[in-house]
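Engineer: no sequence on this one, just coordinates:
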């Protein structure tokens, strides 16, 4: 059972941060999404045994994710289903994570903030919903969502809040449930993007 998590293309907010968290894609973001769609249409090999062939396409309700998903829906010939739990946090998630004094220093004791705990619960609900779809259909699920949500899902499956990831726009990440455990299979799969189109 496999779940693909794609981050949206570069947004207008990334170019000009503002109080509006729900902005559309930039011109570069559209180009990133277009190239991702072309790559997806080829059902490319991911390894010696599997291809990129999702059976369901889910998307965050935010504009930048829905615009990105539009390219994927066309290339994969799949309907887009909006999943509210895939929406992004309205704060910088990394700023809420615990910090250690040095690379091998003990992690500080203390509780996480209420807003991060609430967002983590939302991410857990999103993962549970995607898992249910994958189990019901017997096919991988592709979710187009956001960096904070994807990173938090990864922390959930790793059962720790003590790390963060650097995720690129329109990169694909994948997790799978196999042999009684979660596995992180891909982080920042970006074969479809030349270096000059890779943005965070």
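Structural biologist: Nice, I can see it. Everything quoted here is computed from the prediction, not taken from an experiment. Numbering: from 1, shown residues only.
Engineer: quick one: residue 52 and residue 37 touch, right?
Structural biologist: No: using Cβ atoms under 8 Å, residue 52 is not in contact with residue 37, being 11.8 Å away. Yep, even glycine has a C-beta here, placed from its N, CA and C like the rest.
Engineer: name the element residue 101 belongs to?
Structural biologist: Using DSSP states H and E, residue 101 falls within no helix or strand.
Engineer: which stretches of this structure have low pLDDT?
Structural biologist: Low-confidence segments of the chain (pLDDT under 70): none present.
Engineer: just the strands in it please.
Structural biologist: Counting by DSSP state E, the chain has strands at residues 2-7, 56-59, 80-82, 141-145, 172-178, 181-189.
Engineer: Give me the contact list for the fourth one.
Structural biologist: Residues lying outside strand 141-145 but in contact with it, judged by Cβ atoms under 8 Å, 6 or more residues apart in numbering, are 2-8, 54-60, 65-66, 68-69, 72, 76, 78, 83, 86-88, 126, 130, 133-134.
Engineer: quick one, that strand and strand 172-178 angle?
Structural biologist: Calculated by axes from the mean of the first three to the mean of the last three Cα atoms, to 10 degrees, strand 141-145 forms an angle of 140 degrees with strand 172-178.
Engineer: Give me the distance between the two termini of stretch 189-200.
Structural biologist: 13 Å (Cα to Cα, to the nearest Å).
Engineer: try stretch 102-109
Structural biologist: 15 Å.
Engineer: what distance separates that stretch from the centre of its chain?
Structural biologist: 28 Å (Cα atoms, centre = their mean, to the nearest Å).
Engineer: Name the surrounding residues that touch stretch 125-135.
Structural biologist: In contact with stretch 125-135 (Cβ under 8 Å, 6+ apart) are residues 1-3, 56, 58, 83, 85-86, 140-141, 143, 145, 149, 153, 156-157, 177.
Engineer: For it, buried residues please.
Structural biologist: Within stretch 125-135, the residues that count as buried by 16 or more other Cβ atoms under 10 Å are 126-127, 129-131, 133-134.
Engineer: Filter the residues you listed down to just the ones in helices.
Structural biologist: If you go by DSSP state H, these have 126-127, 129-131, 133-134 in helices.
Engineer: Include distance to residue 199 when you put the residues you listed into a markdown table, please.
Structural biologist: Below are these laid out as a markdown table (distance: Cβ to Cβ, whole Å):
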| residue | distance to residue 199 |
| --- | --- |
| 126 | 24 |
| 127 | 26 |
| 129 | 28 |
| 130 | 25 |
| 131 | 30 |
| 133 | 29 |
| 134 | 29 |
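Engineer: what about the helices in this structure?
Structural biologist: With DSSP H as the criterion, the chain has helices spanning 12-15, 27-41, 63-76, 114-137, 147-158.
Engineer: Which of these sits closest to residue 105?
Structural biologist: Between residue 105 and the helices of the chain, the tightest spacing by Cβ to Cβ is seen for helix 147-158, at 19.4 Å.
Engineer: for the closest one, packing partners?
Structural biologist: Packing contacts for helix 147-158, counted by 3 or more Cβ pairs under 8 Å, 6 or more residues apart in numbering; DSSP states H and E, involve strand 2-7, helix 114-137, strand 172-178, strand 181-189.
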